[in-house]
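quick one: sequence plus predicted model below, questions after.
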Amino acid sequence: MNILHSELLIAKHLRHSVFKNTAVFIITLFIGILLLYATFSGWENYKSQNETSEKYQHESREDWLKNPDKNPHRMAHYGNFAFRKSTPLSVFEFGMEPFFGNAIFLEAHKQNTANFSEAGFSNSMLRFGEISIALVLQVLLPLLIFFLGFNSIAYERENGTLKILLTQGINWKQLLIGKTLGIASVIMMLFVPAIVILIFVWLLLQDFSITADQTFKMILFVLFHLVYLLFFCVIAVLVSAISKTSKKALITLIGIWLLFTIILPRTTQAIGAYIYEAPSKIQFTSDIEKDILKQGDSHNPNDPHYKAIKDSLLSAYKVDSVQKLPFNYSGFIMTEGEKISSRIYNEHLAELLQVYKKQNSFSKTVSFLNPYIAMKNLSMGLSNTDYESYVDFQQQAEDYRYMMAQKMNALQIKYISNKKPSAGDKPYSISKEHWADVEDFHYEPKKIGTVLENEIISIISIFLWITLLFILIRIAAQKLKAI
């Protein structure tokens, strides 16, 4: 009990001494204002994006249903849109969302990429990142922690009070823990109100109706950020403890902050992209088209692959013309063509995603050297604003596109005659009531289990860093000297 009392006294003394410095008070107030601004801008961005997505998804659905009677294949080419809605936690962690598109045009025989990203309509300043709560918690608060903690022990060594403290019954372990708790108590004055506001806004955005999956994501989001900040508190105290002067401690801590938050993240991305080079979009599209043409062109009646299909159908049904088949031949061929083109596209896409996965894996592996990268990846995963979320959206949209195209082909096979209409007759069509058979697109964010599976390296990294800090505190408590 006396040991705990000593640590709390040290923490209390540090907290009081910190706010005697006017600069600290001003910086803390400034970061608090930034947190409020980040909450407001995140709220506005979330509402704007989701209202826009809902509006145009609704309009796209209405346009689809209002189409008149027509040939189903024409409807497949008329196409539809898939929109990606943001999740509530994206209010606090923008992640890669501003740079990825949130709408995809879906049509038969062609896979399009997501468009209409926020970055596409913004100036180059967006490249520096928008102010979000996650940015403040992950980048600015660690810098504040280092500013608070650089002289926590080094200054006492300089003015000679460190020896007095250690001769009065305080040991190094108590001193290290007490100083860490003192810095943490100051940071909690920003962190706790920010989290309270965060949770309130999060509940408000969902009309206070939440699922277990969303709740678990929020709890992990808060807990991991808390652990992350405590980690930097310990780092600040340890560096101050081993430094001869406050100046050396400050320079070292600023160097660590620059290395963790700026140098390593940029460097690892560049190295990963260099080692695992991805093909350009033009090359990717060209390779797909070449493979499709090798397999067969469904729009070319003399193509060997489709001519063989035609001959086998005529033989199986014992007829001498496709017009005599008991189903629409063109629809059958389009169904086969869609299968082939989708299979080839998915094969090439899988190869491309494997390259990107290797690039991202390289970056995630570096999280064992950098807790910031681990925290950033985990934060984006929980907020559904990471790269895997974008890929998941693309896959859901592609599954929907394939279903839509094949459903239209099935309607053509069933209802459209093989006989060509006579001159002056209207083209064959089916009732527009069939358009409602294709359900509207609804994007489903990744579940918590998938997120944790994707970010297992980041989670292991954070726990390893925590373990390392406990070991360092124990070693420091035995090895550190007052002089």
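The structure has been received and is ready for your questions.

could you pull out the strands for this protein?
In the chain, the strands defined using DSSP state E lie at 80-83, 103-106.

buried sites along stretch 78-97?
For stretch 78-97, burial by neighbour count (16 or more other Cβ atoms under 10 Å) applies to 79-95, 97. Backbone N, C-alpha and C define where each C-beta goes, glycine included.

ugh, typo on my part, it should be stretch 47-59
49-50, 53, 57.

ok, now stretch 59-74?
For stretch 59-74, the neighbour count (16+ other Cβ under 10 Å) marks 60-61, 64, 70-73 as buried.

what do you get for stretch 312-321?
So for stretch 312-321, counting by 16+ other Cβ under 10 Å, buried means 313-314.

so for that stretch, what's the average pLDDT?
Stretch 312-321 carries an average pLDDT of 86.

where does the stretch 1-150 of the chain have low pLDDT?
Along the stretch 1-150 of the chain, the parts satisfying pLDDT under 70 run over 1-5, 115-129.

in it, which spans are helices?
Per DSSP state H, counting those that start in this stretch, the stretch 1-150 of the chain carries helices over the ranges 2-18, 22-65, 72-78, 133-135, 141-149.

which among those helices is found nearest to Phe327?
helix 72-78 (13.1 Å; Cβ to Cβ).

got the CA positions of the closest one in CSV?
Extracted C-alpha coordinates of helix 72-78, given in CSV (Å, rounded to 0.1, in the frame of the first residue of the first chain):
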residue,chain,number,x,y,z
PRO,A,72,-33.1,-8.4,-71.1
HIS,A,73,-29.7,-8.2,-72.6
ARG,A,74,-30.1,-4.5,-73.2
MET,A,75,-31.0,-4.2,-69.6
ALA,A,76,-27.8,-6.0,-68.6
HIS,A,77,-25.9,-3.4,-70.7
TYR,A,78,-28.0,-0.6,-69.2
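
pLDDT at Ile224, what is it?
Small correction: residue 224 is Phe, not Ile. 93.

quick one, what contacts it?
For Phe224, the contact set (Cβ atoms under 8 Å, 6 or more residues apart in numbering) comprises 375, 378-379, 462.

ok, Val239 - contacts?
Applying Cβ under 8 Å, 6+ apart, the residues near Val239 are 149-150, 249, 252-253, 256.

most surrounded residue in these?
Most neighbours among the contacts of Val239, by other Cβ atoms under 10 Å: Gly149, with 32 neighbours.

these two touch, right, that residue and Ile183?
Yes - the pair Gly149 and Ile183 passes the contact test of Cβ atoms under 8 Å, sitting 4.8 Å apart.

run a quick neighbour tally on the residue nearest to Lys281 when sequence neighbours are not counted.
Spatial nearest neighbour of Lys281, chain neighbours left out: Thr113 (7.9 Å); criterion: Cβ to Cβ, 6 or more residues apart in numbering. Thr113: 13 surrounding residues under other Cβ under 10 Å.

surely Thr113 touches Ala397?
No - when contacts are counted by Cβ under 8 Å, Thr113 is not listed as touching Ala397 (9.7 Å).

find residues that contact each of these two.
With Cβ under 8 Å, 6+ apart, Thr113 and Ala397 have common neighbours Ile104.

so where's the stretch 201-350 of the chain uncertain?
Looking at the stretch 201-350 of the chain by pLDDT under 70, you get 297-301.

let's go with 90 and repeat that
Per-residue confidence for the stretch 201-350 of the chain (pLDDT under 90) gives these ranges: 201-212, 241-246, 262-350.

so where do the helices sit in it?
Secondary structure of the stretch 201-350 of the chain (DSSP H, counting those that start in this stretch): helices at 212-242, 246-258, 264-275, 281-295, 304-316, 329-365.

what's near enough to touch the most centrally placed residue in the chain?
The residue lying closest to the centre of the chain (Cα atoms, centre = their mean) is Asp386, at 1.3 Å. Contacts for Asp386 (Cβ under 8 Å, 6+ apart) come out as 95-96, 377, 380, 454.

overlap of the contact sets of Gly149 and Ile183?
Listed as contacting both Gly149 and Ile183 by Cβ under 8 Å, 6+ apart are 233, 236-237.

a markdown table for these, including neighbour count?
Compiled in a markdown table, the shared contacts of Gly149 and Ile183 are given as follows (neighbours: other Cβ atoms under 10 Å):
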| residue | neighbour count |
| --- | --- |
| Cys233 | 25 |
| Ala236 | 28 |
| Val237 | 30 |
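
from the contacts of Val239, which single one is nearest Phe470?
Among the contacts of Val239, Gly149 lies closest to Phe470 (Cβ to Cβ), at 17.7 Å.

next, find the distance separating the residue lying closest to the closest one once chain neighbours are set aside from Ser363.
Using Cβ to Cβ, 6+ apart and skipping the chain neighbours, the partner closest in space to Gly149 is Ala236 (2.9 Å). To Ser363, Ala236 is 26 Å away according to Cβ to Cβ, to the nearest Å.

report the buried residues of stretch 455-470.
Using 16+ other Cβ under 10 Å as the test for burial, stretch 455-470 gives 455, 457-459, 461-462, 465-466, 469.

now for the residues you listed, which pair is the farthest apart?
Across the buried residues of stretch 455-470 (Cβ to Cβ), the longest gap, 20.6 Å, separates Glu455 and Leu469.

for Gln269, see how far away the closest residue to Phe100 other than its chain neighbours is.
For Phe100, ignoring the flanking residues on the chain, the nearest one in space by Cβ to Cβ, 6+ apart is Tyr390 at 4.5 Å. Remark: distance between Tyr390 and Gln269 (Cβ to Cβ) = 16 Å.

so which of those two has more stuff around it?
Neighbours were tallied for Tyr390 and for Gln269 using other Cβ under 10 Å; the higher tally belongs to Tyr390 (20 against 16).

need the contact list for that one.
Residues near Tyr390 by Cβ under 8 Å, 6+ apart: 96, 100, 114.

now swap in Leu238 and tell me
Neighbours of Leu238 in contact, by Cβ under 8 Å, 6+ apart: 176, 469, 472-473, 476.

quick one: low-confidence parts of the stretch 351-483 of the chain?
351-370, 386-391, 394, 405, 409, 411-432, 437-441, 443-444, 454, 465-483.

the residue nearest to Leu369 when sequence neighbours are not counted - how many residues pack around it?
Leaving aside its chain neighbours, Leu369 sits nearest to Leu264 (7.0 Å; criterion: Cβ to Cβ, 6+ apart). Counted with other Cβ under 10 Å, the neighbours of Leu264 add up to 18.

Leu264 reaches Phe368, doesn't it?
No - contact between Leu264 and Phe368 fails when scored by Cβ under 8 Å: they sit 11.3 Å apart.

closest one of the contacts of Val239 to Thr335?
Ile256 (59.8 Å).

so that closest one touches Ile235, yeah?
Yes - Ile256 lies in contact with Ile235 (Cβ under 8 Å); the separation is 6.8 Å.

which residues are in contact with each of those two?
Joint contacts of Ile256 and Ile235 (Cβ under 8 Å, 6+ apart) are Phe146.

returning to what we had before: got CSV for the buried residues of stretch 455-470, with distance to Gln354 too?
Converted to CSV, the buried residues of stretch 455-470 look like this (distance: Cβ to Cβ, whole Å):
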residue, distance to Gln354
Glu455, 19
Ile457, 17
Ser458, 20
Ile459, 23
Ser461, 23
Ile462, 26
Trp465, 29
Ile466, 32
Leu469, 35
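
which one of the residues you listed is nearest Val319?
Glu455 (58.2 Å).

ok, for the closest one, nearest residue in space, not its chain neighbours?
Nearest to Glu455 is Gly381, by Cβ to Cβ, 6+ apart, at 4.5 Å.
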